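Peer 1: sequence and predicted structure below; questions after.
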Amino acid sequence: MAMDPELKKKLLFTLLALVLYRIGAHIAAPGVNVQALSDFIRNSAAAGFFGLYDMLGGGLSRATVFALGIMPFISASIIFQLAGGVVPSVGKMQKDEEGRKKLTQWTRYTTVFIALSQSYTYALFTESIPGAVANPGFASRFIMVVTLTTGALFVMWLGEQITENGIGNGASLLITFSILERLWPGTLQLIGFVTEGIVSLAAALTYLAVLVGAIAAVTAMTIAARRIPIQIPRKVMGRGRIQEGRKSFIPIRMLTANVMPIIFAQTLIIVPGTLASFSNSEMLTEVANYFVPGSIPYAILFAVMIVLFTYFYTSIIFNSVDLAENLKKQGGFIPGVKPGAATADYIDGVLGRITLPGALFLAAIALVPIFVTNKLGIQSQFGGTSVLIVVGVLLDTIARIEQHRQLRQYDGFMRSGRVKFRGRQTRFM
């Protein structure tokens, strides 16, 4: 079956945009000694922070022109998303078309501010590393700020273009493509370790089995949902038309918060190590050494933070009151539950029950790969966070492609203008 021309055009546009993004992610900013910078970061306590940022599409450890990646835009989007659940005026704007356009502009302005702040801080950081900057001073800082800020804004624009003219979900696809790009070098590195005897063949096979199991588990949990049955009553429409009653359901996913709780927890748990690398405080150094990935204190704190952030983020993005009100306006109801506040309470109860296993799964998928790789002695570039992001985005992209194909088939059916009905051809108006 031939591919739809419009879908083919969208896919090619998305692919070209992603390739352009990765090309920029390998071009170093002017005036920076990339080798000296990378060596310092690799041996510093802040390696976890830079590793997390690089995984999400940036290139801070290599000082590329797209070093900030899509993260300033993601951070700005999260700020307004969280504000919608806390500030009533912002929440009202999110429900209105004009309000959403205004929030989009505010998000862009906030992205500029975040990019400027991060690029200036990064410029100061690179100057503090011996040999990393050829001519430290105002000129080098200015060039760094302009380069990184421009790169971040270009990446933001590129993500918006993928969303509008490509297959959609531009920001997430940029991050996913950055993660998948490391798949081939990581595979070659693992093969090299096995060939040189650094890693045993049994350890490599065990790691691959754990990785495949993690992908399968994440796929199942991403799709898993609790379906709350609803009943839509019979309605009498205009001109005597009758809309028959029907049964439907409200899907509440097990991983409503997706990967965000892990990112929040990782961002906070690497703060001591990051601060220790910028200061000479012995106390911060001791705290950073205490919470080393793979240690018991690290695992306990990390798991608790993931569970807490899962409940917090889920409560922000899932508004049961609005859902109950919209259901009431349509005349729908949950069998055995009164419309309105009782429906909202019922949905909250279901959400709370399925959020706990989802939160525990997120903690497990974040921690198990760390312990496995430490036990096997393998330095892996793919953890639970990477698997969650890639699987979630790819499933969403596949669903978008399938939806586009179905819509095109329906449009073609409507444009044909003819349908056989009871042995006759009836022309659509």
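Peer 2: Received the coordinates, thanks.
Peer 1: buried ones in the strand or helix carrying residue 370?
Peer 2: In this assignment (DSSP states H and E), residue 370 forms part of helix 341-376. Judged by neighbour count (16 or more other C-beta atoms under 10 Å), helix 341-376 contains these buried residues: 343-344, 346-347, 350-351, 354-355, 358-359, 361-363, 365-370, 372-373, 376. C-betas here are computed from N, CA, C, even on glycine.
Peer 1: C-terminal to it, what's the next element?
Peer 2: helix 384-416.
Peer 1: so which bits of that next one are buried?
Peer 2: 384-394, 396-397, 400-401, 404.
Peer 1: the helix or strand hosting residue 267 - contacts with which helices or strands?
Peer 2: Assigning secondary structure by DSSP H and E places residue 267 in helix 260-269. When contacts are defined as 3 or more C-beta pairs under 8 Å, 6 or more residues apart in numbering; DSSP states H and E, helix 260-269 sits against helix 47-55, helix 296-317, helix 341-376, helix 384-416.
Peer 1: can you list the weak-confidence ranges in the stretch 201-350 of the chain?
Peer 2: Along the stretch 201-350 of the chain, the parts satisfying pLDDT under 70 run over 234-245, 272-281, 284-285, 287-289, 291.
Peer 1: same thing but at 90, please
Peer 2: Scanning the stretch 201-350 of the chain for pLDDT under 90 picks out 201-204, 206-212, 214, 225-226, 228-302, 312-341, 343-344.
Peer 1: what about the helices and strands packed on helix 260-269, which gets the closest to residue 10?
Peer 2: Proximity to residue 10, assessed across the helices and strands packed on helix 260-269 by C-beta to C-beta, is greatest for helix 384-416 (7.5 Å).
Peer 1: what about that closest one, average pLDDT?
Peer 2: Helix 384-416 comes out with an average pLDDT of 77.
Peer 1: relative to helix 260-269, how tilted is it?
Peer 2: Between the axes of helix 384-416 and helix 260-269, defined by axes from the mean of the first three to the mean of the last three C-alpha atoms, to 10 degrees, the angle is 150 degrees.
Peer 1: tell me the gap between the helix holding residue 370 and the middle of its chain.
Peer 2: 17 Å (C-alpha atoms, centre = their mean, to the nearest Å).
Peer 1: surely residue 190 is in contact with residue 378?
Peer 2: Yes - look at residue 190 against residue 378 with C-beta atoms under 8 Å: they come within range, at 7.1 Å.
Peer 1: pull up the overlap in contacts between these two.
Peer 2: 199, 204, 207 (C-beta atoms under 8 Å, 6 or more residues apart in numbering).
Peer 1: quick one: residues in contact with the helix or strand where the last one lies.
Peer 2: Spelled out, that is residue 207. Taking DSSP H and E as the criterion, residue 207 maps to helix 201-223. Applying C-beta under 8 Å, 6+ apart, the set of residues contacting helix 201-223 from outside is 190, 193-194, 253-255, 258, 358, 361, 365, 368-369, 372-373, 376-378, 380, 382, 384, 387-388, 391-392, 395.
Peer 1: in that helix, what counts as buried?
Peer 2: Buried residues in helix 201-223 (16+ other C-beta under 10 Å): 203, 204, 207, 210, 211, 214, 217, 218, 221, 222.
Peer 1: among those, which one sits closest to residue 82?
Peer 2: residue 222 (22.4 Å).
Peer 1: would you mind measuring from that closest one to residue 246?
Peer 2: 28 Å (C-beta to C-beta, to the nearest Å).
Peer 1: got it, and residue 63?
Peer 2: 58 Å.
Peer 1: out of these two, which sits in the more crowded spot?
Peer 2: Legend: neighbour count by other C-beta atoms under 10 Å for residue 63 and residue 246, higher for residue 63 (26 against 11).
Peer 1: which residues touch that one?
Peer 2: When contacts are counted by C-beta under 8 Å, 6+ apart, residue 63 touches 28, 29, 32, 34, 37, 126.
Peer 1: mind checking which of those residues are in helices?
Peer 2: Per DSSP state H, helices hold the following members of those: 34, 37, 126.
Peer 1: closest one to residue 141 out of those, please.
Peer 2: Once C-beta to C-beta is applied, the member of these that ends up nearest residue 141 is residue 126, at 9.1 Å.
Peer 1: for that closest one, which residues are in contact?
Peer 2: Contact analysis of residue 126 by C-beta under 8 Å, 6+ apart lists 32, 37, 63, 132, 133, 144.
Peer 1: so residue 166 versus residue 7, what's the distance?
Peer 2: Taken as C-beta to C-beta, the span from residue 166 to residue 7 is 11 Å.
Peer 1: any residues in contact with both of the two?
Peer 2: Joint contacts of residue 166 and residue 7 (C-beta under 8 Å, 6+ apart) do not exist.
Peer 1: these two: which has the busier surroundings?
Peer 2: Legend: neighbour count by other C-beta under 10 Å for residue 166 and residue 7, higher for residue 166 (24 against 16).
Peer 1: so the more buried one versus residue 15, what's the distance?
Peer 2: 9 Å.
Peer 1: do the same with residue 358
Peer 2: 33 Å.
Peer 1: got it, and residue 336?
Peer 2: From residue 336 across to residue 15, the span is 50 Å (C-beta to C-beta).
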